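In: Model the structure of this input:
(chains A and B)
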Protein chains: 2
Amino acid sequence: MVKNGALIYTAHPEKNIDPAMHTRYVEGEIDLDKVPLNGGVLLKTFYLSSDPYIRYRMREPHLASFVPTLSGIDNFGVGQVLRSEDPKFEPGNYVTGYLEFSEYSVYPGKIIHGFKEPLAKIEKLPGIPLSIYIGTLGMPGTTAYQALKYFGAEKLKTAKTMFVSGAAGPVGTFVIEYSKVLAPHLKVIASAGSAVKVKIMKDVGADIAFNYKEQDTAKVLEDHGPIDIYWDNVAGPTLDAALRNFNNNGLIIACGAISQANHDDASVVRNFDQIFQRSLTVRGFITGQGESAAVVPKFYEEVVPLVLQNKITSREHKSHGLVEAGKALAEVHVGANAGKAVIVVADE
Amino acid sequence: MVKNGALIYTAHPEKNIDPAMHTRYVEGEIDLDKVPLNGGVLLKTFYLSSDPYIRYRMREPHLASFVPTLSGIDNFGVGQVLRSEDPKFEPGNYVTGYLEFSEYSVYPGKIIHGFKEPLAKIEKLPGIPLSIYIGTLGMPGTTAYQALKYFGAEKLKTAKTMFVSGAAGPVGTFVIEYSKVLAPHLKVIASAGSAVKVKIMKDVGADIAFNYKEQDTAKVLEDHGPIDIYWDNVAGPTLDAALRNFNNNGLIIACGAISQANHDDASVVRNFDQIFQRSLTVRGFITGQGESAAVVPKFYEEVVPLVLQNKITSREHKSHGLVEAGKALAEVHVGANAGKAVIVVADE
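Out: Predicted coordinates for the structure are as follows:
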């Protein structure tokens, strides 16, 4: 028997996540040799992802949303197969999938997994930690790729200027770098909320990078716009500023508005009429869903080479141990992290 | 010399249009035989249109918008050529175009016309007043046709339910009727603000028609939705209710949000996040502009037969004389009219 630490979800947040109030770290035990697998696999967890969208799952079950509620905590993770009764896997395989927040887990396990994605085998890339499979090569990267490739590619042929908000995170930096791959002459304006993030955005190629807490977004867009494409990660006043600085026939990719998950008034949109006044198109999407998901099967094939050529880069904000995982879930909502939030559960 | 009454625009409204404060009726004189035409035509005005969008032109010139500011009042109208120096027209021709709010006018005249559309000859249809060219066969009809045909046709092949707000006006009734032409089995839910308008919406084929002042829009959509397409004429809480009752991969056609022209808080959108949560597409457009305008050249060819077959119908809310025209401009903003607002300047 070995110790098996886990993070449990204990209450629904009304607004922001409070780790002490809404989660609890517990320690159980597991017999790695004898735990029943029921046709599945026994995993050792290396990395777990903290993503803003998790907040949408932390709700009273009667509230409809695009993701199922949490009946425990699970999310994208990376681990290694210790034992297997599934012919697709053998001990030693690296895998990614929807993993429980515990040091060891049986997959499929007792948590009703939010997404029914199968566990997938992954290859370790030279010199790159496996945690890239929950970041650049995981959900955030797929998110950016899916919408840019499907909704953006045509518009990027003629677009001169793009604006990206929340652009220092793993989706945002992928959007900046991949847009430049698709359209090398594109001017990219990028915003985020700290000096460290401004540096990240500049490092990945933003032509104009600014801290929206110190500079007025509308003024920056007046000075460096008008824009043809806006990648929206935030809605609210930032979207309103973008709407007032759009060229006609522009494109808005609506990727998320996490302020609304927290029932924050900052998400209110006042300039919706600019959408018809300027003949704009808005494309909302969820990773892996809808018509735009048609491009996802090409993701690894196209993006792995770009990663190996350093054209698409990664930054991580690591926390260590499941004891700290509740804090990691909360931090992505208050802008405390710069880079993909990775919970390191064990060394590779 | 004959009397030539005209409506003059005297001040910019802050919020709603007040006819006494923002317009004035004046009487001039014109010599119909001798007034210089400068290569143009002398017109007698029969009908002028009052449209909600005019409010967007009544603004301080420094405020950007999708239409030029008013330097006088002109709008879509129908008239007859009295004299012509333009080889395309001869006396007796019926024409439609952007006409001055006066009993007689020279075209092109002294007003800098908002839209540079040329004057067009029109044919009188049997038993149908020429005013149809400012309604069903004019801008409102073109508006509905352009977006339904270009953005809606594909989605209408699979859509089960559509919601139309502001649906008793000339755009809304065209949307209901033409949607049923394109997709006979479509269920249409329609809203407007009075019992008279509910009757109109039912008369033109809405399956569910309701008065949003008496019934909760969200409740109606819960009972009769979810919806696949929403034709939005109003934004604000109605759009928010629609956003909460959408099937995934739905389509919103953003036609206008006149509450925002009046700087009305009722236009604020709070559920923008549903656009990404439900993988929705929003298509904003302006009549005759953008890629969707590509279908407009087919408008008369396709719609005139539908009008003659009574599949697309018209209702008019007439006012008489330019003395009342200021009131007609204001009324379309307060829901006082049921049917296309037509200012009858003279008998055909």
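In: Would you mind naming what in the stretch 101-250 of chain A lies close to chain B?
Out: Applying Cβ under 8 Å from any Cβ of the partner chain, we find that the stretch 101-250 of chain A lies next to chain B at A:A235, A:L239, A:N248, A:N249. (Glycine included, C-beta is placed from N, CA and C.)
In: Thought A:D232 was touching the second one, still the case?
Out: Yes - under the criterion of Cβ atoms under 8 Å, A:L239 lies in contact with A:D232, with a separation of 5.5 Å.
In: In terms of neighbours, single out the busier of the two.
Out: A:L239 (28 against 25; other Cβ atoms under 10 Å in any protein chain shown).
In: List the contacts of the more buried one.
Out: Shown in contact with A:L239 (Cβ atoms under 8 Å, 6 or more residues apart in numbering or on different chains): A:S165, A:Y230, A:D232, A:I252, A:A257, A:V269, A:N271, B:F272.
In: Please, which helix or strand holds it?
Out: Element membership for A:L239, per DSSP states H and E: helix A:236-243.
In: What helices and strands are in contact with the helix or strand just after that helix?
Out: Sequence-wise, the next helix or strand downstream of helix A:236-243 (DSSP H and E) is strand A:246-254. In this structure, strand A:246-254 makes packing contacts with strand A:227-232, strand A:281-284, judged by 3 or more Cβ pairs under 8 Å, 6 or more residues apart in numbering or on different chains; DSSP states H and E.
In: Columns mean pLDDT on top of these, output as JSON lines?
Out: Output for those, formatted as JSON lines (pLDDT from 0 to 100):
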{"stretch": "strand A:227-232", "mean pLDDT": "97"}
{"stretch": "strand A:281-284", "mean pLDDT": "96"}
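In: Nearest to A:Y300, out of those?
Out: Of all the helices and strands packed on strand A:246-254, strand A:227-232 sits nearest to A:Y300, with 22.2 Å by Cβ to Cβ.
In: Residues in contact with the closest one: which ones?
Out: Strand A:227-232 is contacted from outside by A:147, A:152, A:155-156, A:158-165, A:167, A:172, A:175, A:189, A:221, A:238-239, A:242, A:245-247, A:250-257, using Cβ under 8 Å, 6+ apart.
In: neighbouring strands for it, and are they parallel or not?
Out: Paired strands of strand A:227-232, with direction, are strand A:161-164 (parallel), strand A:246-254 (parallel) (DSSP bridges).
In: circling back to that earlier point, out of the residues of the stretch 101-250 of chain A next to chain B, which comes closest to A:K318?
Out: Closest approach to A:K318 among these (Cβ to Cβ): A:A235, at 28.8 Å.
In: Quick check, that closest one in contact with A:S267.
Out: Yes - using Cβ under 8 Å, A:A235 is in contact with A:S267, at 4.9 Å.
In: between these two, who's got more neighbours?
Out: Neighbour count, other Cβ under 10 Å: between A:A235 and A:S267, A:A235 has more, with 28 against 22.
In: so where's chain A uncertain?
Out: A:59-72, A:109-117, A:257-266 (pLDDT under 70).
In: Give me the next element, helix or strand, following the longest strand seen in it.
Out: The longest strand of chain A (DSSP state E) is strand A:74-84. With elements assigned by DSSP H and E, the helix or strand that comes after strand A:74-84 is strand A:94-100.
In: before we move on, the earlier item: give the buried residues for the helix holding A:L239.
Out: A:G236, A:P237, A:T238, A:L239, A:D240, A:A241, A:A242, A:L243 (16 or more other Cβ atoms under 10 Å in any protein chain shown).
In: residue contacts, A:A11?
Out: A:M21, A:H22.
In: Could you spell out the sheet neighbours of the longest strand of chain A, each with its direction?
Out: For strand A:74-84, pairing defined by DSSP bridges yields strand A:41-49 (antiparallel), strand A:94-100 (antiparallel).
In: Tell me which helix or strand comes right after the shortest one.
Out: Under the assignment DSSP H and E, the closest C-terminal helix or strand after strand A:94-100 is strand A:104-107.
In: just the strands in the stretch 201-348 of chain A please.
Out: A:208-211, A:227-232, A:246-254, A:281-284, A:316-320, A:340-344 (DSSP state E, counting those that start in this stretch).
In: which residues in chain A form helices?
Out: Secondary structure of chain A, counting by DSSP state H: helices at A:19-22, A:54-57, A:139-147, A:153-156, A:170-182, A:195-203, A:217-224, A:236-243, A:258-261, A:274-277, A:299-308, A:325-331.
In: Brilliant, that's me finished.
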